[in-house]
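Asker: coordinates for the following, if possible.
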Amino acid sequence: MSGHSKWSTIKHQKSANDSKRGKLFSKLAKDIAVAVREGGGPDPITNPKLRLMIEKARTVNFPKNNIQRAIDKGAGEGEGVRLETIIYEGFGPQNLAACIIECVTDNRNRCNQEVKAYLDKNGGRLGSSGAVSYLFEKKGWILVEKQGDEEEQTLKLIDCGTQDFESDQEGIVLYTQPGQLHQVVEAVRKAGFTVKDAELIFKSKAEKLLEENQKEKIEKFLEGLDDLGDVQRIFTDIKLN
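Answerer: The predicted model follows:
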């Protein structure tokens with residue numbers, strides 16, 4: 001399982017805990033607001049990015065009125081505070097892991113300070129732009145539920161326009177060109193398969209294997225980083241399974 005897929009699984013397990021549910025909902029609200037701003041407006045019919053975020057929110061029972069509030073915020077209505085996406089590049093403890101940290105914030109200075117302080121306090125360090133991004137490539141990522149004969153299903157999924165795929169216990173993972181994510185998601189659904197999750201990711205070009213104690217250290221580091229209020233997603237070059 002890729003580092004991104006594994007970390008998604010860890011986050012899903014965390015979100016099952018009621019104490020983490022508020023954090024999950026906060027991230028979903030930001031995703032929806034950003035999708036409105038960056039994806040083409042507040043109408044999910046004409047904005048596939050927003051449509052995808054709403055579907056994801058519904059799978060975890062995100063309240064309908066919260067979805068609408070997030071759409072209004074992204075459109076600049078009501079109590080709208082302008083959100084911006086910031087990408088940080090850095091390293092985990094002992095330089096064991098390269099990390100790309102995607103944040104969504106309404107206060108750039110606060111976000112900068114919190115991310116840097118966390119990295120400094122926990123043995124990591126912030127890098128300059130380009131410090132680790134060359135180790136990753138941007139991809140569309142789609143998690144599809146396994147249905148029936150896996151080999152037959154995979155052949156049909158390839159016909160949907162995926163670039164690459166892998167199978168794990170969570171389902172079948174498809175990778176696409178970034179600009180084709182929503183097109184492939186729709187093709188997968190039309191083919192009769194269930195999309196469990198989908199988003200744009202930074203995929204490691206070559207994952208590193210660590211000793212078990214080192215891997216545990218990195219997972220603990222990532223978990224704490226993920227708990228920061230403005231951190232939306234984390235991508236790493238470590239093989240976490």
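Asker: check which helices and strands the longest helix along the chain sits against.
Answerer: With secondary structure taken from DSSP state H, the chain has its longest helix at helix 18-39. Helix 18-39 is packed against helix 3-15, helix 48-59, helix 64-74, strand 98-105, strand 231-236, with contacts defined by 3 or more CB pairs under 8 Å, 6 or more residues apart in numbering; DSSP states H and E. In short, each C-beta sits where N, CA and C put it, glycine included.
Asker: average pLDDT for the fourth one, rounded please.
Answerer: Averaging pLDDT along strand 98-105 yields 96.
Asker: next one: that strand to chain centre, how far?
Answerer: 10 Å (CA atoms, centre = their mean, to the nearest Å).
Asker: how about the last one?
Answerer: Relative to the centre of its chain, strand 231-236 is centred 7 Å away, using CA atoms, centre = their mean.
Asker: can you check stretch 94-107 too?
Answerer: Using CA atoms, centre = their mean, the offset of stretch 94-107 from its chain centre is 12 Å.
Asker: span of it from start to end?
Answerer: Using CA to CA, to the nearest Å, one end of stretch 94-107 lies 29 Å from the other.
Asker: if you count neighbours, what's buried in that stretch?
Answerer: 96-105 (16 or more other CB atoms under 10 Å).
Asker: same thing with stretch 196-210?
Answerer: 196-199, 201-204, 207-208, 210.
Asker: what does that stretch contact?
Answerer: By CB atoms under 8 Å, 6 or more residues apart in numbering, the residues outside stretch 196-210 that reach it are 2-4, 8, 52, 56, 59, 96-98, 100, 133, 135-145, 170-171, 175, 178, 181, 185, 218, 233, 235-239.
Asker: could you do stretch 126-139 as well?
Answerer: Stretch 126-139 is contacted from outside by 88-91, 98-100, 115-116, 119-120, 163, 175-178, 200-206, 235, 237, using CB under 8 Å, 6+ apart.
Asker: check stretch 40-53 too.
Answerer: 28, 31-32, 35-36, 38-39, 54, 71-72, 74-75, 182, 185-186, 198-199.
Asker: and it, average pLDDT?
Answerer: 92.
Asker: check stretch 189-198 too.
Answerer: For stretch 189-198, mean pLDDT is 94.
Asker: please apply the same query to stretch 66-81.
Answerer: The model assigns stretch 66-81 a mean pLDDT of 81.
Asker: in PyMOL, how would I select the buried members of the contacts of stretch 40-53?
Answerer: To isolate the buried members of these in PyMOL, using 16+ other CB under 10 Å:
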select buried, resi 28+31+32+35+36+39+54+71+72+74+182+185+186+198+199
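Asker: ok, back up a step: which of the buried residues of stretch 196-210 fall within strands?
Answerer: Applying DSSP state E to the buried residues of stretch 196-210, the entries found in strands are 196-199, 201-204.
Asker: of those residues, which is the nearest to residue 229?
Answerer: Lowest distance from residue 229 to these (CB to CB) belongs to residue 199, with 19.8 Å.
Asker: which one, of the helices and strands packed on helix 18-39, ends up nearest to residue 154?
Answerer: Taking the helices and strands packed on helix 18-39 one by one with CB to CB, helix 3-15 is closest: 16.3 Å.
Asker: residue 87 should be in a strand, yeah?
Answerer: Yes. Under DSSP: H, G, I helix; E, B strand; the rest coil, residue 87 falls within a strand.
Asker: with residue 194 as the reference, measure out to the residue lying closest to it once chain neighbours are set aside.
Answerer: Spatially, and ignoring its direct neighbours in sequence, residue 87 is nearest to residue 102 (5.7 Å; CB to CB, 6 or more residues apart in numbering). Using CB to CB, to the nearest Å, residue 102 is found at 26 Å from residue 194.
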